[in-house]
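[1] Give the three-dimensional model of this entry:
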Amino acid sequence: MTDCATALYDVINRRRDTRREFTGVPPSDDVLERILLAAHAAPSVGMSQPWDFVVVRAPETLHAFRDHVARERKVFAAGLSGERAETFDRIKVEGICESGLGVVVGYDPTRGGPQVLGRHAIPDAGLFSVVCAIQNLWLAATVEDLGVGWVSFYREHFLRTLVGMPDHVRPIAWLCVGHVADLPHVPDLERFGWRARSSLASVVHHERYRS
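    Numbers count the residues shown, from 1 in each chain. A predicted model of the protein is given here:
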């Protein structure tokens, strides 16, 4: 295996969804541009490039989103009981203010016009393209020794309104981006006992799906 290949696999395996590790120092402008360029280089159905990135630094916006996420966390927690409730209580679900910078990723289904090559049979292909851009950003951030936390405890209408996205653009993710003290070796959800990583053998099928 070449050094380049080894480095790639290392980055893939070091990537983590970070929360409590943020130091409060956001990325510099040049580093932020590099990771956004990596995101923008992602493959997309019909070369539609249906993503938008809203960079959020304003403390009042960070605080407003943090408070919204805290309310949604309580809604989710209210449906838990017993061991699940105790485990979830130990898990931090956001690092919005701690990271100092948020990147809101949006999906614009109108990008590329009404006839996007390759999307006619799979309408969600554009959405899948945006997720590829997020993964590119995440891996690039890992190379830059930055942490990324994908926050999903939000209502889409709230986030769309908060950052001024038009109605047809769907907010796919709020990514907390910033310098971290370290990257944990074990993902938080696994470390705290929420879920364990499955084996490769349990998800690989040959020729036909087997139950």
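[2] Only C-alpha atoms from now on, for both contacts and neighbour counts.
    Fine.
[3] count of residues packed around Phe53?
    Taking other C-alpha atoms under 10 Å as the criterion, the count of residues near Phe53 is 17.
[4] lowest average confidence, helix or strand, in the chain?
    Least confident helix or strand, the chain: helix 188-191 with a mean of 70, by mean pLDDT, DSSP states H and E.
[5] now it, how far from the chain's geometric center?
    17 Å (C-alpha atoms, centre = their mean, to the nearest Å).
[6] And the contacts of that helix?
    By C-alpha atoms under 8 Å, 6 or more residues apart in numbering, the list of residues contacting helix 188-191 from outside reads Asp17, Ile91, Arg195, Ala196, Arg197.
[7] same thing with stretch 43-61?
    Surrounding stretch 43-61, the residues in contact under the criterion C-alpha under 8 Å, 6+ apart are 40, 62, 97, 100-112, 116-119, 125-127, 129-130, 132-133, 162-163.
[8] one more time with 6 Å, if that's ok
    Contacting residues not belonging to stretch 43-61 are listed as 101-108, 111-112, 116-118, 129-130 [C-alpha atoms under 6 Å, 6 or more residues apart in numbering].
[9] and those, which are buried?
    Listed as buried from those are 101-108, 111-112, 116, 129-130; burial here means 16 or more other C-alpha atoms under 10 Å.
[10] Report how many residues lie close to Glu21.
    Residues within reach of Glu21, counting by other C-alpha under 10 Å, total 20.
[11] Surely it touches Val180?
    Yes - judged on C-alpha atoms under 6 Å, Glu21 makes contact with Val180 at a distance of 5.1 Å.
[12] what do those two both touch?
    With the criterion set as C-alpha under 6 Å, 6+ apart, the contacts of Glu21 and Val180 do not overlap.
[13] Just want the most central residue of the chain.
    Central residue of the chain (C-alpha atoms, centre = their mean): Trp150, 3.5 Å from the mean position.
[14] Quick check: that one is in a strand.
    Yes - with DSSP: H, G, I helix; E, B strand; the rest coil as the criterion, Trp150 is part of a strand.
[15] just checking, next helix/strand downstream of the host helix or strand of Phe88?
    With secondary structure defined by DSSP states H and E, Phe88 is part of helix 82-89. Proceeding C-terminally, helix 82-89 gives way to helix 96-99 as the next helix or strand, assigned by DSSP H and E.
[16] and for that next one, what are the contacting residues?
    Residues external to helix 96-99 that are found in contact with it (C-alpha under 6 Å, 6+ apart): Phe22, Gly24, Leu62, Cys176, Val177, Gly178.
[17] Now the phi/psi pair for the last one, please.
    Main-chain dihedrals, Gly178, degrees, to the nearest 10: phi -180, psi 170.
[18] any low-confidence regions in the chain?
    In the predicted model of the chain, residues 93, 189, 192-194 satisfy pLDDT under 70.
[19] Assign a three-state SS to the residue nearest to Gly46 when sequence neighbours are not counted, would you?
    The spatially closest residue to Gly46, leaving aside those adjacent along the chain, is Leu117, at 4.4 Å (C-alpha to C-alpha, 6 or more residues apart in numbering). Applying three-state DSSP to Leu117 yields a three-state assignment of coil.
[20] swap in Ala42?
    With three-state DSSP as the basis, Ala42 sits in coil.
[21] Next, the residue lying closest to it once chain neighbours are set aside: secondary structure please.
    In space, Ala42 comes closest to Ala133 once its chain neighbours are excluded; the distance is 4.9 Å by C-alpha to C-alpha, 6+ apart. Of the three states, Ala133 takes helix according to three-state DSSP.
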